[in-house]
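Trainee: With the sequence up front, the predicted model follows.
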Amino acid sequence: MAEALVIKGLSKRFGGLRAVQDVSFTVQENETVALIGPNGAGKTTSFHLITGFHRPDSGSVLAFGHEIVGLKPHDVCALGLARTFQVAKPFGAMTVLANVMTGAFLRDRHIAAARNKALEAIEFVGLSVKEQTPAKDLTTIDQRRLEMARALATQPKILLLDEVMAGLNPAEIDQAVALVKKLSASGLTIVIVEHVMRAIMAVARHIVVLDHGQKIAEGAPKEIVENPEVIRAYLGSYVHPPAQGDAHA
Ligand SMILES: Nc1ncnc2c1ncn2[C@@H]1O[C@H](COP(=O)(O)OP(=O)(O)OP(=O)(O)O)[C@@H](O)[C@H]1O
């Protein structure tokens, strides 16, 4: 298996706050890796550093062997890394189709080609019936589907999902888990930030745990939920994954 993403010594300070400190991990091609940890641990900041929204103070991010630190988000996306945002910001008045086309235009300058690519992505995420619905009228789960479709329309190789399960009910979480599995089955490499442990256990092959900006553990899901340091910092009494529900409500 090839290395899709190699992150080495990534660090970022905001004034006196060390938001991300010397974080390193590797994501193999077609693997789903979860980044977990308490609020403020540095997960979203890590996504910003990987995708060019923030420049790290130090460290390296190799995507399929290419150094991407210093590149603009648009160029990172063109190299095959797409992301969703913790707080989705669709163009509310625009339809689902028009929103997803904004992603597709990264690669297809022609309207017909971009439209077809967008329709494919919309179908993949199960949003075809709402193709003409304004984004502002979507339910929470459909907004997440839209976010994923917009990222997918850029034709990524690596997809970074930031809390796509937040605010979903248990049945919707099941649907979102099924969608993440489908994305993985299509060949994508996925890095997922998530607090819903039930979902993490269902999709991740490897888990990286951050606390106060530092990596405190990484390994297979089973090892992680039994790791005393991870239990202390994040999981609390959560030890038996499927039976006990989520780390966070
Ligand atoms: N632009 C910024 N300026 C100053 N501080 C920031 C900025 N972005 C993040 N931080 C701080 O960096 C730390 C890490 O934040 P981050 O959002 O990466 O955490 P997180 O693990 O994603 O948390 P959550 O689970 O709540 O989303 C926090 O203390 C946060 O307040």
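Mentor: Perfect, I can see it now. Residues are numbered from 1 along each chain as shown.
Trainee: tell me the contacts of V23?
Mentor: The neighbours of V23, taking C-beta atoms under 8 Å, 6 or more residues apart in numbering as the test, are 7, 9-11, 42, 46, 59, 210, 213-215. No exception for glycine: its C-beta is placed from N, CA and C like everyone else's.
Trainee: how does it look with 7 Å?
Mentor: By C-beta atoms under 7 Å, 6 or more residues apart in numbering, the contact set of V23 is 7, 10, 46, 210, 215.
Trainee: now, which of those residues lie within strands?
Mentor: 7, 10, 210, 215 (DSSP state E).
Trainee: By neighbour count, which of those residues wins?
Mentor: L210 (28 neighbours; other C-beta atoms under 10 Å).
Trainee: ok so, going back, now, the most widely separated pair of the contacts of V23?
Mentor: Farthest pair in the contacts of V23 (C-beta to C-beta) is I7 and L210. Separation: 11.8 Å.
Trainee: Would you mind giving the secondary structure of the residue nearest to K12 when sequence neighbours are not counted?
Mentor: Leaving aside its sequence neighbours, K12 sits nearest to V20 (C-beta to C-beta, 6 or more residues apart in numbering; 4.5 Å). Secondary structure, DSSP: H, G, I helix; E, B strand; the rest coil: V20 is strand.
Trainee: contacting residues for the residue sitting nearest the centre point of the chain?
Mentor: Closest to where the C-alpha atoms of the chain average out (C-alpha atoms, centre = their mean) is L161, at 1.5 Å. Contact analysis of L161 by C-beta under 7 Å, 6+ apart lists 84, 180, 190, 192-193.
Trainee: Can you tell me how far it is from I50?
Mentor: 12 Å (C-beta to C-beta, to the nearest Å).
Trainee: Can stretch 49-59 be said to contact the ligand?
Mentor: No - against the ligand, stretch 49-59 shows no contacts by C-beta under 6 Å from any ligand atom, the least distance being 7.4 Å.
Trainee: Please enumerate residues in contact with that stretch?
Mentor: Counting by C-beta under 7 Å, 6+ apart, 7-13, 20, 45, 48, 61, 68-73, 76, 81, 83, 160 sit against stretch 49-59.
Trainee: Report the entries of the residues you listed that also contact the ligand.
Mentor: By C-beta under 6 Å from any ligand atom, the members of the contacts of stretch 49-59 lying near the ligand are T45.
Trainee: which of the contacts of stretch 49-59 count as buried?
Mentor: Buried subset of those (neighbour count, 16 or more other C-beta atoms under 10 Å): 7, 10-12, 20, 45, 48, 61, 68-69, 71, 76, 81, 83, 160.
Trainee: Those residues in helices, which ones?
Mentor: Taking DSSP state H, the ones among those that sit in helices are 45, 48, 76.
Trainee: can you list those in TSV and add pLDDT?
Mentor: Formatted as TSV, these follow (pLDDT from 0 to 100):
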residue	pLDDT
T45	96
H48	94
V76	92
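Trainee: what would these look like in a markdown table with distance to R55?
Mentor: Formatted as a markdown table, those follow (distance: C-beta to C-beta, whole Å):
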| residue | distance to R55 |
| --- | --- |
| T45 | 12 |
| H48 | 9 |
| V76 | 12 |
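Trainee: Alright, I will stop here.
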